[in-house]
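> structure of the sequence below:
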Amino acid sequence: MGMRYPSNSLNHPIPSVADIPPSPGPQRSLRHEDKRGFLQKLAEFIHPGPDSKDELIETLAEAEDNDIINAESRVMLEGVIRIADMTAGDVMVAAPRMDVLDIHAPYDELLHLVIDTAHSRFPVYEGETENIIGILLAKDLLKLQRAPELNIRALLRPATFVPESKGLNDLLREFRGNRNHLAIVIDEFGRLAGLITIEDVLEEIVGEIEDEFDVVEDDGDIFALADSTWRVSGDTSIERINESFGLKLAVDDFDTIGGLIAHTMGHVPKRGEVHELDGLRFVVLHTKGGAVKWFKVLPTPLVD
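From the prediction side, this is the model:
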């Protein structure tokens, strides 16, 4: 009796790879996913990802050093990460520094304040400054020029109130959703704490947002006006003040004229406050974020 060969013997050659039908799609997909998962695990083992926000920020700095992202992108990404832990109370303009309008003030007085501060929205109060009854848009105030008989109360928009503990992420989402770009901040006892705008939140991400009162770098920060006065930025260096006005102010303790005047006065100057210094009168025109943005400067009047 002859020897029998198994089915894969020489009498029945082993099929080639090309002869083997492909395996069903789901099995191939499963093998591929398993393989990819292994590579991902291997990469994470060799280069573990950040375990905290601080490590993530350090990773962004390394990405900038390696030219993966530029400096502007890193700053914005860091801002996005940091605001997750920030609240309205961290960014708000405190109540003493708020520019508010009295509902019973004459039209000319309201218009003067709007022009001087150059805000687009103003909280309006009645009686006490803490009694905010609405928000007035500067453009709506112009309607009174055509129709003086209008009641300013009819022009007010509803005020939005948020607690100091309100997270900036949530607040930004609400600003985008309701198109109301200013909110009144109250403390835990329901008292007025300050105000916050969408610009304040965005500046935590993208940095300072320049407006018509901001100076472009290298364009200068001291401007001669037609009435023989000057408009001077609060962050103008002491050296430049000395050079431009022929003064001899000490430059050791303070870098800017705004910092020097705030220290001398003992508080952050408010709009309209006046400080005299070495023969010059500094009138506060515009404040922002707890600092003077612009002064009007003129010679101190001579006393007979």
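> how about the helices in the stretch 51-200 of the chain?
Counting by DSSP state H, counting those that start in this stretch, the segments of the stretch 51-200 of the chain that form helices are 53-65, 71-82, 88-91, 107-117, 138-141, 143-146, 168-178, 198-206.
> can you pull the buried residues of the fifth one?
Read that as helix 138-141. 138, 140-141 (16 or more other Cβ atoms under 10 Å). The way it works is simple: take the backbone N, C-alpha and C, and place the C-beta from them, glycine included.
> same thing with the fourth one?
Of the residues in helix 107-117, those buried by neighbour count under the rule 16+ other Cβ under 10 Å are 110-111, 113-114, 116-117.
> that older thread, nearest to residue 187, out of the helices of the stretch 51-200 of the chain?
Closest of the helices of the stretch 51-200 of the chain to residue 187 is helix 88-91, at 8.1 Å (criterion: Cβ to Cβ).
> starting at the chain centroid, how far to the closest one?
11 Å (Cα atoms, centre = their mean, to the nearest Å).
> what's the answer for stretch 251-267, then?
Worked out by Cα atoms, centre = their mean, stretch 251-267 lies 25 Å from the chain centre.
> tell me where the stretch 201-304 of the chain has strands.
Assigned by DSSP state E, counting those that start in this stretch, the stretch 201-304 of the chain shows strands spanning 222-224, 230-233, 274-277, 280-288, 291-299.
> return the residues in contact with the residue lying closest to residue 196 once chain neighbours are set aside.
Spatial nearest neighbour of residue 196, excluding adjacent residues (Cβ to Cβ, 6 or more residues apart in numbering): residue 92 at 4.4 Å. Residues near residue 92 by Cβ atoms under 8 Å, 6 or more residues apart in numbering: 164, 185, 193-196, 200.
> again, only using 6 Å
185, 194, 196 (Cβ atoms under 6 Å, 6 or more residues apart in numbering).
> point out the most buried one among the helices of the stretch 51-200 of the chain.
Of those, the one with the most neighbours on average (mean count of other Cβ atoms under 10 Å) is helix 88-91, at a mean of 18.
> what does that helix contact?
162, 164, 166, 171, 185, 196, 200.
> what about the second one, neighbour count?
The criterion is other Cβ atoms under 10 Å. On that basis, residue 164 has 16 neighbouring residues.
> one more: the fifth one?
Burial of residue 185, expressed as a neighbour count using other Cβ under 10 Å, amounts to 25.
> what sits against it?
Per Cβ under 6 Å, 6+ apart, neighbours of residue 185: 88, 92, 162, 164, 193-194, 196.
> what is the nearest of those residues to residue 275?
residue 194 (24.1 Å).
> mind giving me the domain ranges of the protein?
The record's domain parsing of the chain by automatic domain parsing lists 38-85, 88-206, 222-299.
> could you dump the ones you listed to a markdown table with mean pLDDT?
Formatted as a markdown table, these follow (pLDDT from 0 to 100):
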| stretch | mean pLDDT |
| --- | --- |
| domain 38-85 | 71 |
| domain 88-206 | 88 |
| domain 222-299 | 85 |
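> farthest pair within the contacts of helix 88-91?
Of all pairs drawn from the contacts of helix 88-91, the one with the longest distance (Cβ to Cβ) is 164 and 200, at 13.5 Å.
> quick revisit: return the closest of the buried residues of helix 107-117 with respect to residue 156.
Out of the buried residues of helix 107-117, the member with the shortest distance to residue 156 (by Cβ to Cβ) is residue 110, at 12.3 Å.
> for the closest one, which non-adjacent residue is spatially closest?
Looking at residue 110 with Cβ to Cβ, 6+ apart, the closest residue is residue 101, at 5.6 Å.
> the one you found - how many residues pack around it?
Residues near residue 101, counting by other Cβ under 10 Å, number 20.
> how close does residue 266 sit to residue 146?
Distance from residue 266 to residue 146, counting by Cβ to Cβ, to the nearest Å: 45 Å.
> and what of residue 81?
Counting by Cβ to Cβ, the gap from residue 81 to residue 146 is 48 Å.
> can you check residue 298 too?
Residue 298 is 35 Å from residue 146, by Cβ to Cβ.
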